[in-house]
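**Q** Need a 3D model of the following:
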Amino acid sequence: MIYAGTYTRGSGGIHRIGMADGTGALSGGEVAAECPSPSFLAVGPGGKALYAVNEIGDYAGARAGSVSAFARGADGALKPVNVVSSHGSYPCHLTVTRAGGHVLVANYGSGAVAVIPVLSDGSLGDASCVIQHHGSSVNQARQERPHAHSVDLDRANRFALVCDLGIDQTLIYRFDASGGKLLPHDTVYAAPGAGPRHVAFHPNGRLVYVINELDSTIGAYRYDPAAGAMKHIDTISTLPADFKGASTTAEIAVHPSGRWVYGSNRGHDSLAIFAVNPATGALRPVGHAPTLGKTPRHFSIHPGGRFVLVGNQESDAVLVFRIDGANGSLAPAESRVSIPSPVCVLQC
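**A** Alright, predicted model coming up:
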């Protein structure tokens, strides 16, 4: 089952899509749950719960967004459970702990990250921890204040990595599951004006890749899971050398085999493809695949590694591409479904 999060235009919310495993053919696209601008989605362990950020700035009369919880039926139907404050404005990303006891949320507008407990009845409680980032960076139009853009836990759930586009930092927090707290641990600095947006861990758990939105680059790092430490390997552009137009990056993902890394370009409207050096973790450019639409804000790789689904935000469509198992290249699977303003594609 596939769910698409959207920016709503007065109606709609989370859409449900079917996919044939053998061919990648898509079907459906109907609204599964109505809620305002569910721009990022995640499922809990066992797939019985789904959570969505609501990327708004006025929840319950406060300068805050919200997080919605849904119970997920065996047929993929979503039943609303409850909605709570994200304790910051315009939340844009969230992740669920491995045990399912907490949801971690990044608030882009206010630059805060929050930990929200999942109660025994499956509902969300009030935040057990809220951390406000501070600072700015060199791009006055986009980095005038903190903008927390993503929060991801490592495999052991001991450390959380938070990309803050506004201050050019990936902040590493130790995660205290017993108290639902984030404890400052370390900071990784990007180049001024880079704008860290999202991270993707390699399947081996010892490499992590950071996609930088504003300068269209990917930073490769060695990751020490015991120490919660990142060590820079190299940084590489996501754009062709001869591209002269305006473009920003969005999503990043590592193939389940660990052999390739993909990053989306909005403006160039492509997925950049890189081969992973198995000895060093460094990236080598393989090529670019046009996404056949405008503004590929998000994409996800099928768990089997054969397909990638791309949400073209400004073309109102989700498309399927086949992944070549020999070289990681992409080819259109000639299947699409119309979804208004798709900005997250979740496969579960």
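
**Q** what does the model give the residue lying closest to Lys79 once chain neighbours are set aside for pLDDT?
**A** Nearest non-adjacent residue to Lys79, counting by C-beta to C-beta, 6 or more residues apart in numbering: Ala71, 4.4 Å away. Any C-beta I mention is one placed from the backbone N, CA and C, and that applies to glycine too. Per-residue confidence at Ala71 stands at 98 (pLDDT).

**Q** cool, Gly10 as well?
**A** Looking at Gly10, the pLDDT reads 69.

**Q** can you check the one 3 residues further on too?
**A** Per-residue confidence for Gly13 comes out at a pLDDT of 97.

**Q** quick check, distance from whatever helix or strand Ala106 lives in to the centre of its chain.
**A** Taking DSSP states H and E as the criterion, Ala106 maps to strand 102-107. A distance of 12 Å separates the centroid of the chain from that of strand 102-107, by C-alpha atoms, centre = their mean, to the nearest Å.

**Q** cool, and stretch 214-223?
**A** 15 Å.

**Q** just checking, next helix/strand downstream of the strand holding Ala106?
**A** By DSSP H and E, the next helix or strand past strand 102-107 is strand 112-117.

**Q** how about low-confidence regions in the stretch 1-150 of the chain?
**A** Scanning the stretch 1-150 of the chain with the threshold set as pLDDT under 70 gives 10.

**Q** The nearest residue to Ile116 once chain neighbours are set aside and Ala42, how far apart?
**A** Distances taken as C-beta to C-beta, 6+ apart put Val103 closest to Ile116, at 4.7 Å, once the chain neighbours are dropped. Distance, Val103 to Ala42, using C-beta to C-beta, to the nearest Å: 7 Å.

**Q** Looking at those two, which one has more neighbours?
**A** Of the pair Val103 and Ala42, Val103 is the one with more neighbours under other C-beta atoms under 10 Å, namely 28 against 21.

**Q** right, and the more buried one touches Val43 too?
**A** No - contact criterion C-beta atoms under 8 Å: Val103 and Val43 do not qualify, at 10.9 Å.

**Q** Now do the shared contacts for the two.
**A** Common neighbours of Val103 and Val43, counting by C-beta atoms under 8 Å, 6 or more residues apart in numbering, are 51, 96.

**Q** buried sites along stretch 328-337?
**A** 328-330, 332-333, 335-337 (16 or more other C-beta atoms under 10 Å).

**Q** what's the closest of these to Ser123?
**A** Nearest to Ser123 among those: Val337, at 31.3 Å, using C-beta to C-beta.

**Q** Please name the nearest non-neighbouring residue to Ala112.
**A** Residue nearest to Ala112 in three dimensions, not counting chain neighbours: Gly88, with 3.6 Å by C-beta to C-beta, 6+ apart.

**Q** In this structure that neighbour contacts Leu94, no?
**A** No - assessed by C-beta under 8 Å, Gly88 is found out of contact with Leu94, at 11.7 Å.

**Q** Please say which of those two ends up with more neighbours.
**A** Between Gly88 and Leu94, counted using other C-beta under 10 Å, Gly88 has the larger neighbour count: 27 against 23.
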